[in-house]
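Engineer: Predicted structure and sequence below. I'll ask about it afterward.
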Amino acid sequence: VRVLRGKVDRLTRSEKAALQPFAAATPDNARENMTDGQESFVESLRNRRRLAMPNVVERFLSVARVKFGHQRHGLLPRTLEAILFLRENCEYWDASTVDSLQ
């Protein structure tokens with residue numbers, strides 16, 4: 001409890017020895033730069049925030065839901081990706097292109 005309240009200087013020698021394995025390495029100027037530490041905490045929370053998907057990706061995933069329904073769960077991810085890619089980019093290929101690949 002003393003450690004949590006910041007009263008480390010009031011610990012006895014035996015308490016300090018018992019807590020030694022839990023000690024974290026901190027920089028010497030950590031207490032001086034307390035405001036910097038708080039800013040970095042806020043920045044780390046901001047960086048962990050999940051960014052919104054662009055509308056194009058949302059539309060692409062919604063097409064997968066509509067066209068395949070629950071069948072998409074039975075497909076391998078690679079197969080599903082290939083089918084969706086070909087359907088979404090159908091203006092770049094036609095039957096003769098597919099025929100030439102075989």
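Structural biologist: Received the coordinates, thanks. Numbering: from 1, shown residues only.
Engineer: hmm, who's touching the helix or strand hosting S62?
Structural biologist: Element membership for S62, per DSSP states H and E: helix 55-68. Contacts made with helix 55-68 from outside it, assessed by C-beta atoms under 8 Å, 6 or more residues apart in numbering, are listed as M53, R72, L75, L80, L84, R87, E88. Backbone N, C-alpha and C define where each C-beta goes, glycine included.
Engineer: which is the next helix or strand following it?
Structural biologist: Using DSSP H and E, the helix or strand that directly follows helix 55-68 along the chain is helix 77-88.
Engineer: Dump the C-alpha coordinates for the helix or strand following that following helix into CSV.
Structural biologist: Heading C-terminal from helix 77-88, the first helix or strand you meet, by DSSP H and E, is helix 95-101. The C-alpha trace of helix 95-101 is given here as CSV (Å, rounded to 0.1, in the frame of the first residue of the first chain):
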residue,chain,number,x,y,z
ALA,A,95,-13.2,-14.7,-70.2
SER,A,96,-10.4,-14.6,-72.8
THR,A,97,-8.0,-13.4,-70.2
VAL,A,98,-8.9,-16.3,-67.9
ASP,A,99,-8.7,-18.7,-70.9
SER,A,100,-5.2,-17.5,-71.7
LEU,A,101,-4.0,-18.3,-68.2
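Engineer: Go through the helix or strand where E15 lies and flag the buried ones.
Structural biologist: Element membership of E15, judged by DSSP H and E, is helix 13-19. When burial is assessed from 16 or more other C-beta atoms under 10 Å, helix 13-19 yields no buried residues.
Engineer: Please apply the same query to stretch 5-14.
Structural biologist: Here stretch 5-14 shows no buried residue, counting by 16+ other C-beta under 10 Å.
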